[in-house]
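J.: Have a look; sequence and predicted model below, questions after that.
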Amino acid sequence: MNTTPHYGKLKAALNNKKCPAKDKKLLRHALEVYDLWIEEMEAVETTGRGRVFDLVDLLNWYKDEIEVETIAKKGSPFIKRQKGQLKIDNSIMEEFLVHLVAPYVKNKNLIVGPQRTFTSMAFCARSVNELPEVHLQTKSQDFAISKRVEYALSNEDDIVTKSFNVPLVTAECKTNLDKTMLEGAIGMASNLKDGLPLCKYFLLVEYLDMSIFNCTPIDNIFLLRHASRLQANDRTTKGIEKQHKDYPIDPKVMWDFTKEIASTIKKARRSDQVLERGSFRKVG
């Protein structure tokens, strides 16, 4: 698991042999800004809703510094064209979420951050006398809260031991969400819930690039900026800067997402209260 994915992408871009000297200078400055961002987030002393709002203020500041001031205004054509592959801006949200949910994850056995998690499992054997082969499917998630599970299969002669991460929550972070991406996410959510019905699957989206339609079985899609993707002819430096200014990430939406995380973890802790309640699910 990597709890500092954005930092890793900045360092990887800096060490990229194809990166021009001009961009390397910008990336060194970006690392200094990154250190300040982390320092400021760790210094936040508020709690609950106030803490989320303070963190989102810092997130908006940092994304403006990296995406507008560094890449859009000063970056060479190389870093502008390759930013999707380098994932410099895409990874900011992944790392932010680790800091965002930290107060709600008290169980030290839970794994938090970008990671590969379980999606499906099947057992196959060529004969009844052979130990079944486990076909385990996993997927790299932008963000997840999971628990490590180990299992062993044995017959009279053989023992196979493996492990994987079982997610309680998964979230995919999208700068732009189009119909193809959404259809892929729906398929992912459906496969995941076949094996883990109680797992929550969310999308965090900055810009919408499609018309809206039913997103079941995705638990929710959070539209962070209340904005559609800029048209191709508007994706200039001024256009990007104006959109960031007019449509900052909304702390109220991020607070709604945070409440979903807190509620999911709380329900998981109370799963042993079924007999006391007299029902599998809390009523009312």
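T.: Thanks, I have it. On a predicted model such as this, the values are computed, not experimentally measured, just so you know. Numbers count the residues shown, from 1 in each chain.

J.: which stretches of the stretch 51-200 of the chain have low pLDDT?
T.: Along the stretch 51-200 of the chain, segments meeting pLDDT under 70 span 155-156.

J.: all helices of it, in order?
T.: Using DSSP state H, counting those that start in this stretch, the helices of the stretch 51-200 of the chain run over 73-74, 77-86, 90-101, 179-195.

J.: which residues are in contact with the second one?
T.: What it means is helix 77-86. If you take C-beta atoms under 8 Å, 6 or more residues apart in numbering as the criterion, helix 77-86 is touched by 9, 12-13, 16, 18-20, 23, 26, 71-72, 75, 88-90. Quick note: C-beta positions are derived from backbone N, CA and C, even for glycine.

J.: now the third one
T.: Residues outside helix 90-101 that contact it (C-beta under 8 Å, 6+ apart): 3-9, 41-42, 52, 55, 59, 62-63, 66, 83-84, 112-114, 142-143, 145, 171, 173, 175, 204, 254, 258, 261.

J.: returning to what we had before: generate a PyMOL selection restricted to the buried subset of the contacts of helix 77-86.
T.: Those of the contacts of helix 77-86 that count as buried under 16 or more other C-beta atoms under 10 Å are selected in PyMOL with:
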select buried, resi 9+13+16+19+23+26+71+72+75+88+89+90
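
J.: Tell me the one of the contacts of helix 77-86 nearest S211?
T.: Closest to S211 out of the contacts of helix 77-86 is N90 (23.5 Å), distances taken as C-beta to C-beta.

J.: hmm, back to that, now render the helices of the stretch 51-200 of the chain as JSON lines, adding distance to T46.
T.: Below are the helices of the stretch 51-200 of the chain laid out as JSON lines (distance: least, C-beta to C-beta, whole Å):
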{"stretch": "helix 73-74", "distance to T46": "32"}
{"stretch": "helix 77-86", "distance to T46": "32"}
{"stretch": "helix 90-101", "distance to T46": "13"}
{"stretch": "helix 179-195", "distance to T46": "32"}
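
J.: what's the most buried one of those?
T.: helix 90-101 (a mean of 22; mean count of other C-beta atoms under 10 Å).
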